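J.: Give me a model of this one.
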Amino acid sequence: MALLLLLPGVLYLLLFFLTPLLSLVLTSFQAPIPGGFAGEYQTAFRWENYSVVVETYGEHIGRSFIYALLATSFALIISYPIAYVIGVKLRAYPLWQALSLVLVIAPFFISFLLRTIAWKQIFADEGLLMSALKGMQIIPGDAYFTGTPAAVIFGLTYNFIPFMTLPIYTSLEKLDLRLVEAGGDLYANPFTVFRKITFPLSIPGVLSGTLLTFIPAAGDYINASRDFLGSTDTQMIGNVIEANFLVLQNFPAAAALSLLLMAAILVLVSAYVKRSGTDDLL
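T.: Here you go, the predicted model:
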């Protein structure tokens with residue numbers, strides 16, 4: 001009976017996870033058909049696909065992880081105070097707490113693409129914000145923001161802030177405030193109470209939030225696209241995979257890059273979680 005209950009989940013994983021993954025692995029080893037048209041490949045075991053993409057797109061891989069790390073760090077800095085206020089300070093005011101949570105998740109009601117396009121219009125050279133700053137001579141007349149690494153990191157940070165805020169809020173909302181009061185009774189200052197009590201008890205939420213932010217940010221291809229906040233100098237690995245799949249039709253290279261990205265993220269996440277002493281999250 002227990003095995004029958006597991007059957008739907010097993011079939012789901014086989015159909016929607018393992019089958020596409022196996023197809024991706026097989027595609028990553030394919031080789032061009034001699035004399036064939038562009039996009040025509042044959043089954044082979046061409047390991048060179050992996051070495052070629054690493055040599056060709058190593059810079060994009062490194063840039064993706066740097067951007068994702070910076071965006072995750074900024075999201076944590078912004079999200080923790082928000083989560084603390086909602087989960088601790090507003091606990092005695094359920095209505096305000098609920099309204100604050102609605103504001104946090106409100107961006108989910110709007111398409112990811114539309115949110116990014118909106119920021120592109122705001123930060124455009126002739127947009128409202130840049131025009132105002134130039135008019136007040138706060139920035140030079142030839143200054144620009146879109147197409148820079150800062151714009152891409154800003155977009156990643158903004159779009160993934162809810163993924164960071166909600167797990168931290170969940171941890172802080174369960175915090176026993178009597179522990180905080182006990183710390184104060186023992187003459188600990190607010191910073192010490194936070195460092196010794198509040199933050200350690202919220203680490204599971206911090207770890208979950210950083211993982212939920214870093215993983216999709218590393219593979220993001222929208223914010224860094226030339227059509228949105230990026231440029232040719234800010235392309236991430238997601239943009240390269242998209243170009244190889246849809247434009248160049250270099251399916252083996254795109255598949256190899258996808259698998260390398262997945263493997264690199266898995267290794268980094270495993271090392272991060274184990275070093276943090278919370279193996280149960282894996």
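J.: just for the chain, where's the confidence low?
T.: The model of the chain has pLDDT under 70 over residues 1, 35-39, 277-282.
J.: Look up the closest residue to residue 223, ignoring the ones flanking it.
T.: Here the nearest residue to residue 223 in space, its sequence neighbours aside, is residue 155; by CB to CB, 6 or more residues apart in numbering that works out to 3.6 Å. C-beta: built from backbone N, CA, C; applies to glycine.
J.: buried residues in the host helix or strand of the one you found?
T.: For residue 155, the element it lies in under DSSP states H and E is helix 149-173. By neighbour count on 16 or more other CB atoms under 10 Å, the buried set for helix 149-173 is 149, 151-173.
J.: ditto for stretch 197-217
T.: Those would be 197-198, 201-202, 204-217, for stretch 197-217 by 16+ other CB under 10 Å.
J.: And the helices in the stretch 101-250 of the chain?
T.: Under the criterion DSSP state H, counting those that start in this stretch, helices of the stretch 101-250 of the chain are mapped to 112-123, 128-135, 149-173, 177-185, 190-193, 199-218, 237-242.
J.: In TSV, list those helices along with distance to residue 17.
T.: Below are these laid out as TSV (distance: least, CB to CB, whole Å):
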stretch	distance to residue 17
helix 112-123	23
helix 128-135	43
helix 149-173	21
helix 177-185	41
helix 190-193	44
helix 199-218	16
helix 237-242	18
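J.: The ones you listed: which one's closest to residue 259?
T.: helix 237-242 (10.4 Å; CB to CB).
J.: what's next to the following helix or strand past the closest one, contact-wise?
T.: Toward the C-terminal end, the helix or strand that comes next after helix 237-242 (DSSP H and E) is helix 251-275. With CB atoms under 8 Å, 6 or more residues apart in numbering as the test, helix 251-275 has contacts from 24-25, 27-31, 39, 41, 46, 49-50, 52-54, 57, 61, 64-65, 207, 210-211, 214-215, 218-219, 237, 240-241, 244-245, 279, 281-282.
J.: Okay, angle between helix 251-275 and helix 199-218 too, please.
T.: Helix 251-275 and helix 199-218 are oriented at 170 degrees to each other (axes from the mean of the first three to the mean of the last three CA atoms, to 10 degrees).
J.: residues of helix 251-275 that come out buried?
T.: Neighbour-count burial for helix 251-275 [16+ other CB under 10 Å]: 251-261, 265, 268-269, 273.
J.: I'd like to know which of the residues you listed is nearest to residue 187.
T.: Among the buried residues of helix 251-275, and counting by CB to CB, the member closest to residue 187 is residue 273, at 35.4 Å.
J.: Could you measure from the closest one over to residue 214?
T.: 12 Å (CB to CB, to the nearest Å).
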